[in-house]
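Colleague: Output the structure for:
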Amino acid sequence: MLLVPDPKVVRGLLTRYASLQISLAENEELECARELEDVSYTLCVMMGTRSVHAAIAAADTLLVAGTGRRSRRIRR
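Modeller: Predicted structure coming up:
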């Protein structure tokens with residue numbers, strides 16, 4: 001049985017990842033870097049990947065697929 005992550009949770013992690021990337025670029029704080037590592041790790045685990053770039057790509061694919069499913073349901 002394949003477990004699919006909740007798109008809302010994935011979207012929240014992607015948003016947090018992007019915000020932390022911006023914060024880290026503006027102000028290199030150790031706490032921000034640690035949180036970015038945590039979010040990156042969580043994305044990797046949730047998406048079943050070993051790199052954050054692959055996790056982001058998989059998350060994007062999941063969210064696009066989810067959008068398509070919702071629009072089909074609405075049309076019925």
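
Colleague: Can you show me the helices along the protein?
Modeller: Taking DSSP state H, the helices of the chain run over residues 7-26, 30-47, 52-75.

Colleague: now the first one: mean pLDDT?
Modeller: Confidence for helix 7-26, expressed as mean pLDDT, is 96.

Colleague: what's the answer for the shortest one, then?
Modeller: Across helix 30-47, pLDDT averages out at 96.

Colleague: Please find the angle between the direction vectors of that helix and helix 7-26.
Modeller: With axes from the mean of the first three to the mean of the last three C-alpha atoms, to 10 degrees applied, the angle from helix 30-47 to helix 7-26 works out at 150 degrees.

Colleague: got the contact list for the residue sitting nearest the centre point of the chain?
Modeller: The chain has Leu14 as the residue nearest its centroid, 3.5 Å off, counting by C-alpha atoms, centre = their mean. By C-beta atoms under 8 Å, 6 or more residues apart in numbering, the contact list for Leu14 reads 43, 56, 59-60, 63. In short, each C-beta sits where N, CA and C put it, glycine included.

Colleague: How about Val9?
Modeller: Counting by C-beta under 8 Å, 6+ apart, Val9 touches Met46.

Colleague: go on, Gly66?
Modeller: Applying C-beta under 8 Å, 6+ apart, the residues contacting Gly66 are Pro7.

Colleague: Which pLDDT does the model give it?
Modeller: Looking at Gly66, its pLDDT is 77.

Colleague: now swap in Arg75 and tell me
Modeller: Looking at Arg75, the pLDDT reads 41.

Colleague: neighbouring contacts of stretch 20-30?
Modeller: For stretch 20-30, contacts defined as C-beta under 8 Å, 6+ apart pick out 32-33, 35-36, 39.

Colleague: what about 10 Å?
Modeller: With contact meaning C-beta atoms under 10 Å, 6 or more residues apart in numbering, stretch 20-30 is reached by 31-40.

Colleague: Export that stretch to CSV, keeping only CA atoms.
Modeller: Extracted as CSV, the C-alpha positions of stretch 20-30 are listed here (Å, rounded to 0.1, in the frame of the first residue of the first chain):
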residue,chain,number,x,y,z
LEU,A,20,13.6,29.9,5.5
GLN,A,21,15.7,30.1,2.3
ILE,A,22,14.9,33.8,2.1
SER,A,23,15.5,34.4,5.8
LEU,A,24,18.8,32.6,5.6
ALA,A,25,19.9,34.6,2.6
GLU,A,26,19.1,37.9,4.3
ASN,A,27,20.4,37.0,7.8
GLU,A,28,22.6,34.0,8.4
GLU,A,29,21.3,32.9,11.8
LEU,A,30,22.2,29.4,13.2
